[in-house]
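Asker: here's a sequence, model it:
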Amino acid sequence: MSPAVITVPAFASGRDSIRHFFGTRRHADSLAIEAGVPIRQNGMKGRGWLLSVKQVHGTDALVIDRPLSEVDQFPGGWDALVTDQLGVTVAVRTADCVPVLVHDPCRRVVAAIHAGWRGAVAGIVPKTIALMATRFGSTRSDLRISIGPSAGPCCYEVDEPVIDGLRAGLPNWQSVVHDYRGNKARLDLKALIRQQVVEQGVITSLISCVNLCTICHDELFYSYRREGRVNGTMVSGITLISSQ
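Answerer: Alright, predicted model coming up:
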């Protein structure tokens with residue numbers, strides 16, 4: 001049986017005061033999530049919430065810097081969530097796009113980011129890192145980042161509109177494509193994001209990656225590209241827990 005979630009020991013262990021997960025299709029099938037509505041989680045002594053929002057392939061982030069309650073709703077659209085609140089799981093949904101989790105162990109802040117090719121080229125990951133610095137005082141060299149399962153360069157063929165977007169938004173765009181043939185190529189989204197965060201000043205050894213392709217592994221993941229429609233999405237998230 002496939003695992004329900006994937007965790008990355010190099011990103012966070014039990015002593016790091018966070019919980020994190022990259023979900024599989026089995027995990028997603030067990031969840032009932034309504035975008036923009038906090039869901040009470042069991043086992044967190046009344047303080048546990050799961051929050052996912054409507055994703056719009058943009059670069060805006062929702063900041064949760066106060067306790068949540070049953071009456072809260074977040075009806076807007078964001079592609080990243082940032083919080084310093086204990087027990088709040090910020091989560092994103094993907095089915096080929098890249099889930100990115102960020103942890104600042106010094107300022108005690110976490111973020112979950114949804115990065116498709118549009119958001120990645122537009123800089124959602126660097127912009128979220130910059131937001132963590134301005135709102136919470138995060139230092140880039142303190143950050144730990146984990147890049148989750150997504151469409152991989154083995155399968156993720158893109159055409160001229162995507163290549164044009166890459167060419168316009170990235171000076172070294174050819175370093176993240178393979179088999180470029182004029183109007184088609186295979187895109188390595190994980191490499192693009194890794195490159196961006198290193199340029200931001202994140203230490204290379206503090207970046208981890210789950211090198212699984214969602215298109216290849218139909219037993220583990222939903223894939224919009226493979227299935228041709230949205231049959232489901234994986235949920236990935238991160239939670240600050242008490243350091244005591």
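
Asker: quick one: low-confidence residue ranges for the chain.
Answerer: Filtered on pLDDT under 70, the chain yields the residue ranges 1, 14, 42-47, 243-244.

Asker: hey, where'd the helices end up in it?
Answerer: Listed in chain order, the helices found in the chain under DSSP state H are 25-29, 117-122, 124-136, 160-169, 189-199, 224-227.

Asker: got these as JSON lines, with distance to Pro75 and mean neighbour count columns?
Answerer: Quick note: C-beta positions are derived from backbone N, CA and C, even for glycine. As requested, the helices of the chain are arranged in JSON lines below (distance: least, C-beta to C-beta, whole Å; neighbours: other C-beta atoms under 10 Å):
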{"stretch": "helix 25-29", "distance to Pro75": "22", "mean neighbour count": "17"}
{"stretch": "helix 117-122", "distance to Pro75": "20", "mean neighbour count": "23"}
{"stretch": "helix 124-136", "distance to Pro75": "20", "mean neighbour count": "20"}
{"stretch": "helix 160-169", "distance to Pro75": "28", "mean neighbour count": "15"}
{"stretch": "helix 189-199", "distance to Pro75": "28", "mean neighbour count": "20"}
{"stretch": "helix 224-227", "distance to Pro75": "24", "mean neighbour count": "16"}
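
Asker: from Gly169, how far out is the residue of the chain positioned farthest from its centre?
Answerer: Of all residues in the chain, Gly182 sits farthest from the chain's C-alpha centroid, using C-alpha atoms, centre = their mean; the distance is 30.2 Å. Relative to Gly169, Gly182 is positioned 19 Å away (criterion: C-beta to C-beta, to the nearest Å).

Asker: perfect, that will be all.
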